[in-house]
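1. Prediction below, plus the sequence it came from.
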Amino acid sequence: MPSTSLVNDLFEEICRIPLIDPHSHIDPHHPVSQHLDDILGYHYYTELAHAAGMSQAPLHASVEPRERVRAILGHMDRYDNSAQYAWFLDIARTFLGFTGERISAGDTDALCDAAERIFRDPGWEAQVFRQSNLEKIFLTNEFDDPLSGFDTNKYVPCLRTDALVFHLKQPEIKQRLERATGVDVGDLPALKKALRKLFEHFTGNGAKACAISLPPDFAPKGPDANAAFWMLAELCREFRLPFDLMIGVNRNVYRGGVHQGRDLFDQRCSLIQYQELFNAFPEVTFCVSVLSSGMNQELVSHAWIFPNVVTCGHWWYSNIPTYIATDLRARLQAVPKTKQIGYYSDAYKLEFVLPKYNMYRRVLSEVLASDFVETGRMTDRQAIDLARQILRDNVQSIFKV
């Protein structure tokens with residue numbers, strides 16, 4: 001085990017590095033919470049409470065938000081061992097003034113009252129940015145988002161393309177694309193024209209990435225097999241946008257699950273399925289996220305040999321300290337440090353940026369202390385510089401922000 005004082009010193013220094021968060025689901029028009037229900041409505045908490053015995057009845061829209069909070073907190077003693085509980089405790093202590101040791105249903109009214117008072121402060125958004133040491137945060141924008149009414153220097157647009165690849169045959173999606181671009185999408189040349197208009201719109205409004213979530217059986221083998229996807233890769237090359245690939249999610253596995261709590265990873269997925277893509281587009285930087293530590297070794301190997309493949313964050317089911325530590329060690333030991341995007345929050349509300357990054361920064365401090373500083377491979381200063389490289393510098397250079 002590394003020295004506690006060394007870990008704490010590294011953690012303190014790493015927390016001083018201003019963050020550019022390269023992936024979130026923040027609504028820039030409503031970036032911060034209005035009620036504690038906005039925090040505990042995050043799918044992690046509804047999933048864990050439901051898995052621990054809570055019925056779905058408190059999640060119905062007709063339930064008063066405070067009572068929904070009370071129900072979720074009432075089951076929290078069953079999962080207060082989890083990383084997600086630690087995030088909530090961090091939020092409660094940092095933002096809401098909670099001073100107790102454990103949070104329970106008995107704290108519902110006090111926490112809700114504090115949240116309603118604090119979250120409604122006109123300066124709350126700026127305060128969260130400041131306390132989180134957050135400089136910019138990337139969004140997940142639907143293809144027909146007008147990208148207006150918010151500061152695109154602070155909230156960085158990113159073109160999300162799942163619907164264009166997997167649902168374009170649905171009349172509603174096709175009509176939305178035609179309304180957004182003014183192009184009658186009747187054939188492949190027209191589709192390419194429409195997609196180019198989207199890229200012009202997004203890059204003209206400060207977008208820095210294109211992104212897609214991909215199922216485990218997807219294999220981009222060429223333009224004939226995956227025309228829309230291949231066009232997106234071609235446009236990323238033309239417009240010099242990185243392409244974020246979030247690979248391996250199997251949708252709707254638990255059909256009785258809570259909202260956003262039905263998807264799992266699938267071990268049958270392999271990055272070998274992407275060999276044609278990585279070979280065909282050497283000019284495109286592919287920022288790859290995977291769902292399991294099993295796939296992390298494949299990702300490390302691909303980033304080891306493909307110049308255009310970058311390791312990106314610790315996604316979803318891999319986003320707990322044990323898996324982060326294992327996956328991080330492999331990346332730091334095998335992948336060029338200039339090809340690693342250390343972390344992203346995946347947050348739906350800004351209040352989650354701080355606790356999630358704190359979790360990552362703590363693991364990063366422990367790994368740097370034990371594997372680099374105490375072994376004599378690096379000085380404290382060099383370890384902090386490495387942390388800055390993967391937390392900030394690479395985000396700046398890869399996404400050109």
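-> Cool, got the structure.
2. Enumerate every residue touching Glu276.
-> Ala219, Pro220, Lys221, Gly222 (Cβ atoms under 8 Å, 6 or more residues apart in numbering). C-betas here are computed from N, CA, C, even on glycine.
3. residue closest to the middle of the protein?
-> For the chain, the residue sitting closest to the mean C-alpha position, by Cα atoms, centre = their mean, is Asp346 at 2.6 Å.
4. show me the contacts for Val128.
-> Applying Cβ under 8 Å, 6+ apart, we find Val128 in contact with Val32, Phe95, Leu134, Leu350, Glu351, Val353, Leu354.
5. and which of the contacts of Glu276 is nearest to Ala114?
-> Of all the contacts of Glu276, Ala114 sits closest to Pro220, with 48.4 Å by Cβ to Cβ.
6. could you measure that closest one against Arg268, distance?
-> The spacing between Pro220 and Arg268, counted by Cβ to Cβ, to the nearest Å, is 17 Å.
7. Just want to know which of these two has more residues nearby.
-> Pro220 (22 against 9; other Cβ atoms under 10 Å).
8. Go ahead and confirm that one touches Tyr274.
-> Yes: shown here, Pro220 and Tyr274 form a contact pair, counting by Cβ atoms under 8 Å, at 6.4 Å.
9. re the thing from before, may I ask which of the contacts of Glu276 has the most neighbours?
-> Counting neighbours by other Cβ under 10 Å, Pro220 leads the contacts of Glu276 with 22 neighbours.
10. OK, contacts around the spatially closest residue to it that is not a sequence neighbour?
-> Closest residue in space to Pro220, ignoring its immediate chain neighbours: Leu277 at 4.4 Å, by Cβ to Cβ, 6 or more residues apart in numbering. Counting by Cβ under 8 Å, 6+ apart, Leu277 makes contact with Pro220, Ala233, Phe286.
11. Also Asp109?
-> Per Cβ under 8 Å, 6+ apart, neighbours of Asp109: Arg66.
12. so what are the domain limits for the chain?
-> 35-119, 135-399 (automatic domain parsing).
13. could you pull out the helices for the stretch 201-350 of the chain?
-> For the stretch 201-350 of the chain, helices defined by DSSP state H, counting those that start in this stretch occupy the ranges 227-239, 275-280, 293-305, 321-334.
14. now what about the first one, what contacts it?
-> Spelled out, it's helix 227-239. 161, 164-165, 168, 188, 191-192, 195-196, 199, 203, 210, 212, 220, 222-223, 241-243, 277, 280-281, 283-284.
15. In ChimeraX, how would I select the buried members of those residues?
-> Under the burial definition 16 or more other Cβ atoms under 10 Å, those of those that qualify are selected in ChimeraX by:
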select :161,164,165,168,191,192,195,196,199,203,210,212,220,241,242,243,277,280,281,284
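16. re the thing from before, which residue in the contacts of Leu277 has the weakest pLDDT?
-> Least confident of the contacts of Leu277 in the model: Pro220, at 92.
17. Now that residue: phi and psi?
-> Listed backbone geometry of Pro220 is phi -80, psi 90, with angles given as degrees, to the nearest 10.
18. where are the low-confidence patches of this structure?
-> Of all residues in the chain, none has pLDDT under 70.
19. Now tabulate the contacts of Leu277 in a markdown table and tack on distance to Ala114.
-> Below are the contacts of Leu277 laid out as a markdown table (distance: Cβ to Cβ, whole Å):
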| residue | distance to Ala114 |
| --- | --- |
| Pro220 | 48 |
| Ala233 | 48 |
| Phe286 | 43 |
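20. which one of the residues you listed sits closest to Asn81?
-> The closest of these to Asn81 turns out to be Phe286 (Cβ to Cβ; 35.9 Å).
21. burial count for the closest one?
-> 22.
22. now Arg102
-> Count around Arg102 with other Cβ under 10 Å applied: 11.
23. need the contact list for it.
-> Counting by Cβ under 8 Å, 6+ apart, Arg102 touches Asp77, Asp80.
24. if we can go back for a sec, filter the contacts of Val128 down to just the ones in strands.
-> The strands, defined by DSSP state E, take in Leu134 from these.
25. Could you export the contacts of Val128 as a markdown table, including distance to Arg329 and neighbour count?
-> Formatted as a markdown table, the contacts of Val128 follow (distance: Cβ to Cβ, whole Å; neighbours: other Cβ atoms under 10 Å):
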| residue | distance to Arg329 | neighbour count |
| --- | --- | --- |
| Val32 | 34 | 21 |
| Phe95 | 32 | 23 |
| Leu134 | 26 | 19 |
| Leu350 | 30 | 23 |
| Glu351 | 29 | 27 |
| Val353 | 24 | 24 |
| Leu354 | 24 | 23 |
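26. Go through the contacts of Leu277 and say which is closest to Gly182.
-> Comparing these against Gly182 with Cβ to Cβ picks out Ala233 as the nearest, at 23.7 Å.
27. Can you get me a residue count around that closest one?
-> By the criterion of other Cβ under 10 Å, Ala233 has 20 neighbours.
28. how about the helices of the stretch 201-350 of the chain in JSON lines, adding distance to Thr152?
-> JSON lines is the format used below for the helices of the stretch 201-350 of the chain (distance: least, Cβ to Cβ, whole Å):
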{"stretch": "helix 227-239", "distance to Thr152": "16"}
{"stretch": "helix 275-280", "distance to Thr152": "29"}
{"stretch": "helix 293-305", "distance to Thr152": "29"}
{"stretch": "helix 321-334", "distance to Thr152": "30"}
